[in-house]
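**Student:** A predicted structure for the sequence below; I have some questions about it.
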Amino acid sequence: MSYTLHHFEDAETLAAAAAERWRTALLERDPARPFTVALSGGRIPKALYKAFAGLAAGDSLEGVHFFWGDERVVPPTDPESNYHLAAVPLFLALKIPESQVHRMITERDEAFAVQQAEAEICRVAELNVQGQPELDLVFLGMGEDGHVASLFPGDTKALETPAVYRAVTGPKPPPRRITLGYPALAAAREVWVLASGEGKKEALQASLEPTGDTPLARVLQSRSNTEIFTDFVLA
């Protein structure tokens, strides 16, 4: 397991720093190929999107394609939708063309949404030898139980399947979700975990242990490096 820990005084400073680093990555990208990003839901990502839009206004985002690490099976206008969370502060604010925003079609049949999401991400992103998309950047939040995306503790099937996306039932409403799998997170070029709030401190600490078995721990153990942004001090 290898990770880089970045500590900030509060959530606002964390979001601003991640936004600035994200902008730098986009300014330094190779314009000859697509730059693929998987977004997250949650309080900190919403602040991240607002901060990034303020920094990147006027930048060229041509070739930057947006996907999701997970999505709730609700219509795109539903407040619980992760697409909805990013629509105004990010896509509308920066006038991102619809052709670069690859939302999951969650208002239709769930099986169709999974199939469409996997086909779309594999069409745009480069694939490794296992057929997993090599996303340039994945943003992950973390729950108080150590879950990331919609990969929850006790989901043994997630440890066995090579599916890029799969439908799952979460412990909180709305229960039906579609999530990237562990192999896709392992294949990503960069993964940035945004962990904010004292209620998540114990879960992060447990995830950083070499023998940790939280979903975040499994992601960390599968990768050569993961960037972790947090606003609390670990023991």
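**Tutor:** That came in fine, so what should we check first?
**Student:** wait, what's in contact with L127?
**Tutor:** Neighbour list for L127: 133-134 [criterion: Cβ atoms under 8 Å, 6 or more residues apart in numbering]. The way it works is simple: take the backbone N, C-alpha and C, and place the C-beta from them, glycine included.
**Student:** Return the per-residue confidence for it.
**Tutor:** L127 carries a pLDDT value of 98.
**Student:** which residue is nearest the middle of the chain?
**Tutor:** F139 (3.3 Å; Cα atoms, centre = their mean).
**Student:** Can you point out the buried residues in the longest helix that the chain contains?
**Tutor:** When the chain is parsed with DSSP state H, its longest helix is helix 11-27. Using 16 or more other Cβ atoms under 10 Å as the test for burial, helix 11-27 gives 11, 14-16, 18-19, 21-23, 25-26.
**Student:** What of stretch 34-48?
**Tutor:** Under the neighbour-count criterion of 16+ other Cβ under 10 Å, stretch 34-48 has 34-42, 44-48 buried.
**Student:** Kindly report the same for stretch 173-187.
**Tutor:** Buried residues in stretch 173-187, counted by 16+ other Cβ under 10 Å: 176-187.
**Student:** got the contact list for T13?
**Tutor:** T13 makes contact with D231, according to Cβ under 8 Å, 6+ apart.
**Student:** one step back: got the contact list for the residue nearest to the centre of the chain?
**Tutor:** By Cβ under 8 Å, 6+ apart, the residues touching F139 are 37-40, 45, 48, 69, 192, 194.
**Student:** next one: phi and psi at V73?
**Tutor:** For V73, the backbone dihedrals are phi -80, psi 80 (criterion: degrees, to the nearest 10).
**Student:** any idea how far stretch 204-221 is from the chain center?
**Tutor:** Taking the mean of its C-alpha atoms, stretch 204-221 sits 17 Å from the chain's own mean (Cα atoms, centre = their mean, to the nearest Å).
**Student:** i'd like the first residue to be 7 from this point on
**Tutor:** With the count now opening at 7, the last piece we talked about shows up as stretch 210-227.
**Student:** low-scoring stretches of the protein, by residue?
**Tutor:** 7, 241 (pLDDT under 70).
**Student:** Can you tell me what sits against stretch 220-232?
**Tutor:** Here stretch 220-232 makes contact (Cβ under 8 Å, 6+ apart) with 7-10, 146, 148, 151-154, 157-159, 161, 164-165, 188, 191-192, 194, 197-199, 209-210, 212-215, 218.
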